[in-house]
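K.L.:
pasting the sequence and the predicted coordinates here, then a few questions.
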Amino acid sequence: MPHFEHKLTVRFGECDPAGVVYYPRYFDWFHRAMEEWFGKGLGRPYHEVLEQLGFPSVHAEADYRRPCVMGEELAVVLAVTRIGRSSVELGLRVRGPDGDVRAVGRVVIVVITMAPGTEEHFALRPLPDDLRAAMQRFEDPEFVRPRRRGA
């Protein structure tokens, strides 16, 4: 199954005083990978999709396995782990330069109508069939499940 890969370089401003990536930055990387996936993976640039649809995150979680440091070349790998009527669950892995997994995450997005000034603005709506079909190409239900610690 194809997965989408977004490459990035760790920047100075993404690191804490200890020189490692500050944990909330991973969520920014997850979102940047999703935006790139719309354009390069689904063939619909995110800014164009936002003219009619929105995809806010309603749940996000991450497990951190190894630190990332400034200057490293990383890849955020994305797969669809579940598609519902109006929601999509994305599995994400942050891989280091040698392919080692540094973090895993899960983000659930929902589909809403973007129609400012109307009653439908921000209303939940079904995932359009064309986007569903495009997203199904990246479906891999077993791609990533963050480990539950102490459970």
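P.N.:
Yep, that arrived.
K.L.:
now for the longest helix along the chain, which elements pack on it?
P.N.:
Identified as the longest helix of the chain according to DSSP state H is helix 25-36. Applying 3 or more C-beta pairs under 8 Å, 6 or more residues apart in numbering; DSSP states H and E, one finds that helix 25-36 contacts strand 4-9, helix 46-49, strand 57-64, strand 73-83, strand 87-95, strand 101-110. Yep, even glycine has a C-beta here, placed from its N, CA and C like the rest.
K.L.:
name the residues that touch the shortest one?
P.N.:
Meaning helix 46-49. Applying C-beta atoms under 8 Å, 6 or more residues apart in numbering, the external contacts of helix 46-49 come out as 34-36, 38-39, 55, 131.
K.L.:
show the buried residues in these.
P.N.:
34-36, 38, 55, 131 (16 or more other C-beta atoms under 10 Å).
K.L.:
farthest pair within the contacts of helix 46-49?
P.N.:
Spatially, the most separated pair among the contacts of helix 46-49 is 36 and 131, at 15.6 Å (C-beta to C-beta).
K.L.:
ok, now which ones touch residue 55?
P.N.:
Applying C-beta under 8 Å, 6+ apart to residue 55 gives the contacts 34, 49, 88, 109-112.
K.L.:
again, only using 6 Å
P.N.:
By C-beta atoms under 6 Å, 6 or more residues apart in numbering, the contact set of residue 55 is residue 109.
K.L.:
how far away is it from residue 114?
P.N.:
10 Å (C-beta to C-beta, to the nearest Å).
K.L.:
ok, now which ones touch the closest residue to residue 62 other than its chain neighbours?
P.N.:
Excluding the flanking residues, the one nearest residue 62 by C-beta to C-beta, 6 or more residues apart in numbering is residue 105, at 4.0 Å. Residue 105 sits next to 30, 62, 92 when contact means C-beta under 6 Å, 6+ apart.
K.L.:
do residue 72 as well
P.N.:
Residue 72 makes contact with 10, 97, according to C-beta under 6 Å, 6+ apart.
K.L.:
could you report the neighbour count for residue 77?
P.N.:
20 (other C-beta atoms under 10 Å).
K.L.:
bridging across strands, which residues link to the spatially closest residue to it that is not a sequence neighbour?
P.N.:
What sits nearest to residue 77 in space, not counting adjacent residues and going by C-beta to C-beta, 6+ apart, is residue 93, at 4.6 Å. When bridges are called by DSSP bridges, residue 93 pairs up with residue 77, residue 104.
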